[in-house]
Structures are given as C-alpha cells and as structure tokens.
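Trainee: coords below, sequence missing:
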C-alpha cells in the first residue's frame, strides 16, 4: 500500500463561481503531493468543455457580495446574469485571480486525473468532441475505486 495521500473530488456545478473550488483544491493538493482525482458529473461537466462560457448568478446565493444592494426581483431580470458575470470577471482580473482555464491547465500539468461521468454525457447527448482531450470517461463505479481509498473526499 502506498504512503501517498489521496484526494477525491466530485464536481457537480457548472457556474463560474462553483468552478473555482474543485480546480483550486485539486491543484493545491497535487502540489502538496496528493494523488488527486476529480469526477465531473451533471452540470459539473461544463467545466471540461473546450470552450468555456461560464456564468455567475446571485440567484440562490444570498451571500454573494454585491457592490450595492440589488433586490431579488431585479436579479432575475435577463441582463443581470451577464452583468454580474462581467463584474465578477473584471474583479478577479483586477485582483490577479487565475482564470478557470489557467487553473484547469495547472491541474492537468499537476497530473490531476479528471473523469467525466459517462452516464451524464449520454444523458445529455453530449459529444466527446466538446470536451478537452486530457480527460477520461467513466461511471460512478470507476470513481468509487479511487474514492474508496482516498484520505479526503469532497463533494462540490
């Protein structure tokens, strides 16, 4: 049995704000010597697309800091999601926060294994051509082989 620590992450969300935790945690763990794997399922598959178009929304997230108070009914207006995404990306760039593409590439370089849920790919009739090349496809059983031996398992 190996002394190497293992981190297993399940990524289920596909929005800009939910894209950061799995890649930050995975790349950090890999840098610390953990064998790391992320299982992307349902909406988390969006994070593996070649062309990312991730959005952020404050709906359902009352903790999201806003530059000024915005009533919930206004947050539901069609233009608000695009505006909030633009504001968030500008703030991240200003603060020097890496993009999702950069964090994903860093994770790949650090040999984080990324597994796309085959059942979800089939369910939503995605084409594997839509996703980056550096991933594997597998089901829950594939992930459990790794997760069952992991020291830490996170659901994001």
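Mentor: Sure, I can see it. The shown structure was predicted, so the numbers you read here are calculated from the model rather than taken from an experiment.

Trainee: please report the distance of residue 5 from residue 35.
Mentor: To residue 35, residue 5 is 7 Å away according to Cβ to Cβ, to the nearest Å. Every C-beta, even on glycine, is put in place using the N, C-alpha and C of the backbone.

Trainee: ditto for residue 28
Mentor: Separation of residue 28 from residue 35 (Cβ to Cβ): 14 Å.

Trainee: ditto for residue 105
Mentor: For residue 105, the distance to residue 35 - Cβ to Cβ - is 19 Å.

Trainee: what does residue 86 give?
Mentor: With distances taken as Cβ to Cβ, residue 86 is found 37 Å from residue 35.

Trainee: which one's more surrounded, these two?
Mentor: Counted by other Cβ atoms under 10 Å, residue 86 and residue 35 do not tie: residue 35 has more neighbours, with 19 against 12.

Trainee: which one is the more buried one nearest to, not counting chain neighbours?
Mentor: With sequence-adjacent residues excluded and distances taken as Cβ to Cβ, 6 or more residues apart in numbering, residue 35 is closest to residue 6, at 4.8 Å.

Trainee: identify the residues contacting the one you found.
Mentor: 34-37, 146, 149-152 (Cβ atoms under 8 Å, 6 or more residues apart in numbering).

Trainee: take these and keep only those in strands.
Mentor: 35-37, 152 (DSSP state E).

Trainee: give the contact list for the residue nearest the centre of the chain.
Mentor: Central residue of the chain (Cα atoms, centre = their mean): residue 19, 3.3 Å from the mean position. Taking Cβ under 8 Å, 6+ apart as the contact definition, residue 19 lies against 13, 46-47, 54, 100.

Trainee: if you rank these by neighbours, which is first?
Mentor: Counting neighbours by other Cβ under 10 Å, the top entry in the contacts of residue 19 is residue 47, with 27 neighbours.

Trainee: I appreciate the help and will end here.
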